[in-house]
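> below: sequence and its predicted model.
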There are 2 protein chains.
Amino acid sequence: MSLKVYMPPPHGGKLVDAVIRDKDKAVEMAAGAMAYDIKPTRSIVDGSPIRNVYREIMSIAYGFFSPLDRFMTRNEVESVLKERRLLDGWLFPFPIIFDIPEEDLRKLGVKEGDRLLLRLKGQPFAILDIEEVWKFDPKDLADRTFGTPEKNSDVVKRRFDEKHPGWLIYRSMTGTALAGKVYVINEPIFKDPYTRFWYPPAKSREEIQRRGWRTVIAHQTRNVPHTGHEHLMKNAAYLGDIEPAHGILVNAIIGAKRLGDFVDEAILEGHEALSKYGYISPKRHIVTMTLWDMRYGNPLESLLHGIIRQNMGCTHHMFGRDHAAVGDYYDPYATQILWDKGIPSFGLPAPPYDLDKGLKIRPVNIKEFWYCPKCGEIAYSDTCAHTDVAQRFSGSFIRGLIAEGIEPPPIIFRPEVYRVIVKWWRVYGYPFVNKKYLELKERELEVDAPKMEIPIKG
Amino acid sequence: MSLKVYMPPPHGGKLVDAVIRDKDKAVEMAAGAMAYDIKPTRSIVDGSPIRNVYREIMSIAYGFFSPLDRFMTRNEVESVLKERRLLDGWLFPFPIIFDIPEEDLRKLGVKEGDRLLLRLKGQPFAILDIEEVWKFDPKDLADRTFGTPEKNSDVVKRRFDEKHPGWLIYRSMTGTALAGKVYVINEPIFKDPYTRFWYPPAKSREEIQRRGWRTVIAHQTRNVPHTGHEHLMKNAAYLGDIEPAHGILVNAIIGAKRLGDFVDEAILEGHEALSKYGYISPKRHIVTMTLWDMRYGNPLESLLHGIIRQNMGCTHHMFGRDHAAVGDYYDPYATQILWDKGIPSFGLPAPPYDLDKGLKIRPVNIKEFWYCPKCGEIAYSDTCAHTDVAQRFSGSFIRGLIAEGIEPPPIIFRPEVYRVIVKWWRVYGYPFVNKKYLELKERELEVDAPKMEIPIKG
């Protein structure tokens, strides 16, 4: 009964690599294909961009979503909705759909068996080999994706609606989908500072091996870290198997933003500052990113996180309260329920590591951290019994201070991390995401598109 | 590949229970047996008492050492010295020997097949059924028990000598041994405050189940805890399997003391204060004790600790630097080497959990904690990179402050724990073990011996 944990294989056994790095081959593949400019999914509520499918194409092609190598067919989506499995049986939580306006499809005139060239920021970017053209009811799809209080009473507490950003993404889809394999044929170039955080699974695995880490615990983030996040990471990292985890892999989800969020640049550099300034030794810390317009699916999102970080080579994943959650749609501990005993109503009768064709990454379910003046430290809610004086972290309180131009006290926010916020505040004129940032983000994305000449139609 | 860890079975499969609770049966068993008053083992250096075999009898009879239910025969000791296994194959690190002065044995006139009644503090206490009378060379036994730099160069750095208290115990034995089964026939009554910390394995297992703990991590102690110990416990306890360990079981080794040690009463109540005053929630904390004159055998001691705490129902055991070590005889990380890859020269070619008839308890090898003024907290040496300002804990520095009547600063010592030291300081007139305490300890031990009338010889 050897205890030692080693790097798990990729989900499904093999990393997807659908990036064509040979220029000639790329041109040859694209030649003659109809071309189409990727459009953002726009909210049915106010028309604002809430998703850009380029991020899903990147995550598929670079292997983050392995073994998924395509946009799903109707059958595959049905399989995902029924039992959260791909057609080949491997666990997968969300429908991944390339939707297109009906009118655009008519204009393109493409059909099953055709090849489509997708353009990003005016340049060739990817190829989609159309395996199926199919239709769906966006509202029904959205409901079935996230569950309903009737069918999923074990974890769903409230009917999903337009205030839920993930539900709104599916609800705002066009209802017409193209399924099929995708390839990136012209690698986008990341802007500063994203480049140095880009560790696609193959590179991430290499880096972990280079560093000699046997166990690596993943941390999900969409935040500039306060000391509560820092302690969550440091303390969850004691979980190894015979010794604390060798590495902490921070993986920020980079994608569509909402007003009031921290800007992505500050999130990445804020985490980086923790090791740059020694709060977490650089020897056991790495900050990375994944492109994805987060669906805030709490337990379902955690399953995707498990897949992404297993593909990146992590052995463990920490899951806290309200993991990837927004509002009170789900039980705040729905993710931990999934990783403790499963969620039968989603077709997951056992935790992901106990299911056939499930995951190999191991969960670390962990509760809250607070500041306890009696202990004189950031304390764990299950350990510190000074509940009468303990002070809970409040992201909105901290953001409130920052918005007022007040530097939060060092016990809750490291000064060097605050300086990162100030740096990007100067760039964008505001410490958080505002309308200007949203417009810029959708126009510029995280990448530049290199020029590429292809004999194209359309 | 279910991850969930549950309470391991006792070492060897079944808890030893050799306590005769039926008075009539006890009297019947003892009737007619020759009686012998237990004597302390006295140091060959200065004649001071350094061991009292009553503690070993207690640990055997109450099942702490399961499956060992007797004092070892020559063959069993040979097996332990060769491959650290009992004759039935189960791992066990130390010779457990009932030695007796040659002259006493001659006076008693007992031989193989006879029954001996052992008296403690003048009262009947235990029965030893003599299976074998055998002789040994104490110095050779001591050397082979702990290893030598020649034969065990993987972990032994220096030849053992009389300055090593464990080596000295074996070296000071008489060289004449009685082997055989032991039974406690008249349960000693613990003095205050020991009683409430007495959780023999069967009771400890019941208590763990009553509390609903699925995972429990053991902490070895011979110290009043400073905040470094506290953080070692709290942080190692994040190690569970899918969530932090439910319980922290502190197990103090109570036995022969050395000048300058903290007194046993303060050790137990000092740990108790941590949960009494909320630094570790009482919901996940229990303080217990085991009677044993510690041998300071670092990796070998850790193996015994694993056995004791597995028998008590723990799922995990934390092992730090210099575990149960004294001086520089062993590699400071010898215990972690054992629990990481084994120590072939001791007959342990793999870690105890990977050996046939090995242990089920799981190790947590953990490094140092220090106070970091930059982080503003007690930090982990592998996490905090501020090595230029980090302040290491020094037990002798803290004891120095206390001896001067200075209360250590709260960041390194909890005030409520200090008050426990002061309480016992008032009782014994000195905050640490002094000669008076040593004399009192050997005379009084931790127990009172209840009166029992038995028709006895001798």
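Looks like it came in fine.
> show me the strands in the stretch 201-350 of chain A, by range?
All strands of the stretch 201-350 of chain A, identified by DSSP state E, counting those that start in this stretch, fall at A:216-221, A:247-254, A:285-291, A:316-319.
> now render these as a markdown table, adding mean pLDDT, distance to chain B and mean neighbour count.
From N, CA and C alone the C-beta is placed, and that goes for glycine too. Formatted as a markdown table, the strands of the stretch 201-350 of chain A follow (pLDDT from 0 to 100; distance: least, CB to the nearest CB, whole Å; neighbours: other CB atoms under 10 Å in any protein chain shown):
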| stretch | mean pLDDT | distance to chain B | mean neighbour count |
| --- | --- | --- | --- |
| strand A:216-221 | 98 | 11 | 26 |
| strand A:247-254 | 98 | 9 | 25 |
| strand A:285-291 | 98 | 9 | 24 |
| strand A:316-319 | 98 | 9 | 26 |
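> tabulate those strands (JSON lines), appending distance to B:Tyr170.
Shown next, in JSON lines, are those (distance: least, CB to CB, whole Å):
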{"stretch": "strand A:216-221", "distance to B:Tyr170": "44"}
{"stretch": "strand A:247-254", "distance to B:Tyr170": "44"}
{"stretch": "strand A:285-291", "distance to B:Tyr170": "47"}
{"stretch": "strand A:316-319", "distance to B:Tyr170": "43"}
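> got the contact list for the residue of chain A positioned farthest from its centre?
The outermost residue of chain A relative to its centre, with distances by CA atoms, centre = their mean, is A:Lys374 at 37.2 Å. Contacts for A:Lys374 (CB atoms under 8 Å, 6 or more residues apart in numbering or on different chains) come out as A:384, A:386, A:389, B:278-279.
> next, it: secondary structure please.
coil (DSSP: H, G, I helix; E, B strand; the rest coil).
> could you check how far it is from B:Pro415?
A:Lys374 is 11 Å from B:Pro415, where distance means CB to CB, to the nearest Å.
> ok, the residue nearest to A:Asp114 when sequence neighbours are not counted - contacts?
Of all residues not flanking A:Asp114 in the chain, A:Ile130 sits nearest, at 5.0 Å (CB to CB, 6 or more residues apart in numbering or on different chains). Counting by CB under 8 Å, 6+ apart, A:Ile130 makes contact with A:110-116, A:178-180.
> over to A:Tyr418?
Contacts of A:Tyr418 by CB under 8 Å, 6+ apart are A:402, A:407-408.
> that one: which element?
helix A:415-428 (DSSP states H and E).
> now A:Pro124
Per DSSP H and E: strand A:123-129 holds A:Pro124.
> sorry, back to before: of the contacts of A:Tyr418, which is the nearest to chain B?
A:Pro408 (13.8 Å; CB to the nearest CB).
> what number of residues lie near the closest one?
20 (other CB atoms under 10 Å in any protein chain shown).
> surely it and A:Ile402 touch.
Yes. With contact defined as CB atoms under 8 Å, A:Pro408 counts as touching A:Ile402 (6.8 Å).
> in the stretch 51-200 of chain A, what residue comes closest to chain B?
A:Leu91 (14.2 Å).
> any idea how far A:Met58 is from that residue?
From A:Leu91 to A:Met58 the distance is 21 Å (CB to CB).
> of those two, give the one with the bigger neighbour count.
A:Met58 (28 against 23).
> so who does the more buried one touch?
A:Met58 neighbours (CB under 8 Å, 6+ apart): A:64, A:184, A:188, A:291.
> what about the closest residue to chain B within the stretch 351-458 of chain A, how many neighbours?
Closest contact between the stretch 351-458 of chain A and chain B, by CB to the nearest CB, is at A:Ala385 (3.6 Å). Counted with other CB under 10 Å, residues neighbouring A:Ala385 total 23.
> what's the answer for A:Arg158, then?
Neighbours of A:Arg158 using other CB under 10 Å come to 12.
> quick check: it touching A:Ala325?
No. Contact between A:Arg158 and A:Ala325 fails when scored by CB under 8 Å: they sit 11.8 Å apart.
> quick check: the residue of the stretch 1-150 of chain A nearest chain B.
A:Ser2 (5.3 Å).
> that residue in helix, strand or coil?
Quick answer, by three-state DSSP: A:Ser2 is coil.
> wait, it sits on B:Asp354?
Yes. Between A:Ser2 and B:Asp354 a contact is recorded at 5.3 Å, counting by CB under 8 Å.
> before we move on, the earlier item: can the contacts of A:Lys374 go into TSV with extra columns for neighbour count?
Output for these, formatted as TSV (neighbours: other CB atoms under 10 Å in any protein chain shown):
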residue	neighbour count
A:Cys384	23
A:His386	16
A:Val389	13
B:Gly278	22
B:Tyr279	27
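> which one of the residues you listed is nearest B:Asp264?
B:Tyr279 (21.2 Å; CB to CB).
> spit out the contact partners of that closest one.
A:374-375, A:384-385, B:230, B:414 are the contacts of B:Tyr279 under CB under 8 Å, 6+ apart.
> the same query, at a cut-off of 10 Å, please.
Contacts for B:Tyr279 were tallied using CB atoms under 10 Å, 6 or more residues apart in numbering or on different chains; they are A:372, A:374-377, A:379, A:383-386, B:225, B:227, B:230, B:233-234, B:273, B:285, B:414, B:416-417.
> which among those residues count as buried?
A:372, A:374-377, A:379, A:383-386, B:225, B:227, B:230, B:233-234, B:273, B:285, B:414, B:416-417 (16 or more other CB atoms under 10 Å in any protein chain shown).
> from A:Tyr238, how far out is A:Leu274?
17 Å.
> mind listing the strands for the stretch 351-458 of chain A?
A:362-365, A:369-372, A:377-380, A:391-392, A:447-448.
> tell me which of the ones you listed sits nearest to B:Ile242.
strand A:362-365 (5.0 Å).
> may I see the buried residues of stretch A:341-349?
A:341-343, A:345-348.
> ok so, going back, kindly reformat the contacts of A:Lys374 as CSV containing pLDDT.
CSV is the format used below for the contacts of A:Lys374 (pLDDT from 0 to 100):
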residue, pLDDT
A:Cys384, 96
A:His386, 97
A:Val389, 97
B:Gly278, 97
B:Tyr279, 97
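> now for those residues: which two are most distant?
A:Val389 and B:Tyr279 (12.6 Å).
> kind regards, and thank you for your time.
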